[in-house]
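> Got a predicted structure plus its sequence, pasted below:
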Amino acid sequence: MISNSCRYGIRAVVYLASRYPEKNNIGIKEISGDLGLPAPFMAKILQQLAKHKILNSVKGPNGGFSLAKKPDSITVLDVIKIIDGEALFKNCLIHDGSCSKVKKSRKTCPVHDDYSKIRANINNLFKKKTIAELANTASGSNNIFI
């Protein structure tokens, strides 16, 4: 449903949120090591999030990444839109592109109505679920899903 890059991005933002505001500028080696992900791949994802003002990025020996916003003001949807775009919430399950833009000669896909409801529910879930909630759940349950 969402790409590996997006999952890794969400995990990284939750990881940074779990250390917010006490620890700023966490290095890419620490982040990728703790999450068990390749540093170069993680760096590209985090730079993308920094470009869109979700994260701060500081270069140099004391540099690293930190949240640019409070964790309760960042939603899962914010991260998904930056990394994967909005295809999950707009594209047809079967046809290329959006069902609403399907050629007039073609009928709406057979699962359009059912999938539209599911897509709306997923969109609402991701829009309401904050990074702070995920960080609290992860730390409160001793579940380091990150």
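Cool, the structure landed. Numbers count the residues shown, from 1 in each chain.

> Only C-alpha atoms from now on, for both contacts and neighbour counts.
Fine.

> Buried residues, the lowest-mean-pLDDT helix or strand in the chain. List them.
Within the chain, no helix or strand scores below helix 87-90, which has a mean of 83 by mean pLDDT, DSSP states H and E. Buried residues in helix 87-90, counted by 16 or more other CA atoms under 10 Å: 88-89.

> Then stretch 80-96?
For stretch 80-96, by 16+ other CA under 10 Å, it's 80, 82-83, 88-89, 91-93.

> can you check stretch 70-82 too?
71, 74-80, 82.

> could you point out the longest helix in the chain?
helix 112-128 (DSSP state H).

> what about the helices in this protein?
Going by DSSP H, the chain shows helices at 4-17, 28-35, 39-51, 76-83, 87-90, 112-128, 131-140.

> Who are the packing partners of the shortest one?
Judged by 3 or more CA pairs under 8 Å, 6 or more residues apart in numbering; DSSP states H and E, the packing partners of helix 87-90 are helix 112-128.

> so T75 sits right up against T130, yeah?
Yes. Look at T75 against T130 with CA atoms under 8 Å: they come within range, at 4.2 Å.
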